[in-house]
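In: I would like to see how this sequence folds:
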Amino acid sequence: MRTLLCTALLALAALATPQARAGNLLDLAVVDRDTGTTLPTYTHAGKLYVAGTPGHRYAVRVTNRTGGRVLAVLSVDGVNAISGETADTDQAGYVLGPWESTEIAGWRKSLDEIAQFNFTALPESYAAQTGRPANVGVIGVAVFTERTQPAWRKRESIAQEAAPLPPPAPVSAPAEAEAGTTDSRARAPAAKAVQRRSERLGTGHGEREYARVERTTFRRASNRPAETLAIWYDSQRNLVARGIVPLPIARHEPRPFPGAFVPDPPAR
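Out: The predicted structure follows:
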């Protein structure tokens, strides 16, 4: 079994609020940081959706529902929120202690800093800016339970596992450049995809913010996630147009019997 190094958030437990997606191991919700509210969720075709406000900062709230540590590998728009790699379940994630709840508010830049998550137009999203627009609009978490460590385990093995994580991918580096592709025809499909979806929301690479974390080790009980959760998002307008979010009810509803008696008509 491969041992992976992960990052543990040292954050205070969040206040109890209704969770968007209750799994067996983890609860997942999206919080609008500018209003301080947990975004309501809407169910459509077996998926959960939230409506984001363009320009607003947001955080992903994860809550451990178990009495043991769990590893949460966070994907935003198909990108690992710690390393900046195209997301896969075998990558680095956040470790939560028993019953711990915390909010992940940005792309991890170092042990001390994040670049804030914010709702923005798809072409301005981090994924699109790095040549990966295909999976913009979804937040996912792969959850792993921890393998029990034997008491006789050597300290040397622990030290070997504590190797540093790879540095985050730079914002300006497109996926094609990382793969060594320079043919303009290879970049055309991605550019066209951005153009077609320019009105959709994505997650931007916002301002830097202090968010201290520390390294820890975590040995997965299995190579496969014990649970996978996902929430899709877009603007309120787009979700209403797609029939996912109902139209707002008018504040004033006409009443068939507004009064008791017939008044005199106005004098002429």
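In: Do I have it right that Y94 meets V70?
Out: No: between Y94 and V70 there is no contact under C-beta atoms under 8 Å: 9.3 Å. Yep, even glycine has a C-beta here, placed from its N, CA and C like the rest.
In: dump the residue contacts of A142.
Out: Applying C-beta atoms under 8 Å, 6 or more residues apart in numbering to A142 gives the contacts A72, V73, S75, T89, G93, P225, E227, T228.
In: Wasn't it part of a strand?
Out: Yes: under DSSP: H, G, I helix; E, B strand; the rest coil, A142 falls within a strand.
In: low-confidence ranges in the stretch 1-150 of the chain?
Out: 1-22, 149-150 (pLDDT under 70).
In: Helices along that one, start to end?
Out: 126-129 (DSSP state H, counting those that start in this stretch).
In: Can you give me the end-to-end span of stretch 98-105?
Out: Chord length of stretch 98-105, first to last residue, is 21 Å (C-alpha to C-alpha, to the nearest Å).
In: what distance separates it from the middle of the whole chain?
Out: From the chain centre to the centre of stretch 98-105 is a distance of 13 Å (C-alpha atoms, centre = their mean, to the nearest Å).
In: Flag every buried residue along that stretch.
Out: E100, S101, T102, E103, I104, A105 (16 or more other C-beta atoms under 10 Å).
In: who does V143 bridge with?
Out: Going by DSSP bridges, V143 is paired in beta bridges with A72, E227.
In: Let me see the residues that make contact with stretch 61-71.
Out: 4, 6, 14, 19, 22-31, 38, 72, 74, 93-104, 141, 143-146, 218, 220.
In: if you set the cut-off to 7 Å instead, what comes out?
Out: 6, 14, 19, 25-29, 31, 72, 93, 95-104, 141, 143-146, 218, 220 (C-beta atoms under 7 Å, 6 or more residues apart in numbering).
In: do stretch 103-117 as well
Out: Contacts for stretch 103-117 (C-beta under 7 Å, 6+ apart): 7, 14, 31, 33, 57-62, 74, 76, 81-82, 84, 94, 126, 168, 203, 205-214.
In: try stretch 75-84
Out: 7, 74, 86-87, 91-93, 104, 107-108, 117, 125-127, 132, 134-140, 165-166, 168-169, 202-203.
In: among those residues, which are in strands?
Out: Cross-referencing the contacts of stretch 75-84 against strands under DSSP state E gives T7, L74, I104, W107, R108, F117, V138, I139, G140, G202, T203.
In: re the thing from before, if any of the contacts of stretch 61-71 are buried, put those into a ChimeraX selection.
Out: Buried residues among the contacts of stretch 61-71 (16+ other C-beta under 10 Å), as a ChimeraX selection:
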select :6,14,19,25,26,27,28,29,31,72,93,95,96,97,100,101,102,103,104,141,143,144,145,146,218,220
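In: Can you list the residue ranges for helices in the stretch 151-268 of the chain?
Out: Using DSSP H, counting those that start in this stretch, helices in the stretch 151-268 of the chain cover 155-161, 175-179, 184-196, 236-241.
In: now V73, nearest residue through space, not along the chain?
Out: Nearest residue to V73, sequence neighbours excluded (C-beta to C-beta, 6 or more residues apart in numbering): G93, at 3.6 Å.
In: That neighbour contacts L74, doesn't it?
Out: Yes: under the criterion of C-beta atoms under 7 Å, G93 makes contact with L74 at 6.2 Å.
In: I'd say K47 and D234 touch.
Out: No: look at K47 against D234 with C-beta under 7 Å: they stay out of range, at 11.6 Å.
In: Tell me which of the two has more neighbours.
Out: D234 (26 against 13; other C-beta atoms under 10 Å).
In: do you know how far the more buried one is from H44?
Out: To H44, D234 is 11 Å away according to C-beta to C-beta, to the nearest Å.
In: Same check on D27?
Out: Taking C-beta to C-beta, one finds D27 at 20 Å from H44.
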